[in-house]
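> Turn this into a model:
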Amino acid sequence: MLNKLIVLLLMAVISCHSSGPNEPLAAKSRPTPSASENVNSEPFAAQISIPKQVKANEEFVISAELKNKTGRDLEITTGSTAYYYVIWDSDGKVINSSIAREDIGVVRPMSKGDIISEKSQYRIKKPGTYEISGIAEFSVQNGGKSEVYKIETARKSIQVK
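Numbers count the residues shown, from 1 in each chain. Coordinates of the predicted model:
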């Protein structure tokens, strides 16, 4: 009986500690935003822009921005790019399932208010309606420990003719 009470107390302490107000924003879950909004979490803002329509097998550009809203200068660690992209077809199936990240561990300065802008070229072979979102994945050194962020932008639609 005493062992069960100790286990219950430990579980209560652990659950209170893991959901406390000091938990980093990066560890908190958030709902997927609707396609009409940009992701604007407190320390960072993330967004992408794409053309509304392209021809099948025509190259197009995905532009992405990540803004530092922390109010302080940072050093972030990313891959060779801060973003990678996920593309869904009209059935909700991911069509670019092999997402390779290169040069993990690139350290870059990010001043307060700074925006990291990236452009990537893509090509979709089959006509249809697709949705694209960008995922910024990076870490920030904070007081000797590293906080990992994974921020997904709102999904944007593109029509491939």
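
> ok, Ile115 touching Leu66?
Yes - counting by C-beta atoms under 8 Å, Leu66 is a contact partner of Ile115 at 6.9 Å. Quick note: C-beta positions are derived from backbone N, CA and C, even for glycine.

> and stretch 76-90, how far apart are its ends?
One end of stretch 76-90 sits 35 Å from the other (C-alpha to C-alpha, to the nearest Å).

> Need the residues that contact it.
Stretch 76-90 has contacts (C-beta atoms under 8 Å, 6 or more residues apart in numbering) with 48, 62, 64, 66, 94-96, 99, 101-108, 110, 116, 118, 120, 122, 124, 128-141, 146, 155.

> following the strand ranked longest in the chain, which helix or strand shows up next?
If each strand of the chain is counted by residues according to DSSP state E, the longest one is strand 128-142. Next helix or strand after strand 128-142 toward the C-terminus (DSSP states H and E): strand 145-152.

> List the buried residues for the helix or strand following that next one?
The helix or strand immediately downstream of strand 145-152 is strand 156-160, counting by DSSP H and E. Across strand 156-160, burial judged by 16 or more other C-beta atoms under 10 Å covers Lys156, Ile158, Val160.

> List just the nearest of the residues you listed to Ala56.
Val160 (5.4 Å; C-beta to C-beta).

> Tell me who's in contact with the closest one.
By C-beta under 8 Å, 6+ apart, the residues touching Val160 are Gln53, Val54, Lys55, Ala56, Ile124, Lys126, Pro127, Gly128, Thr129, Tyr130.
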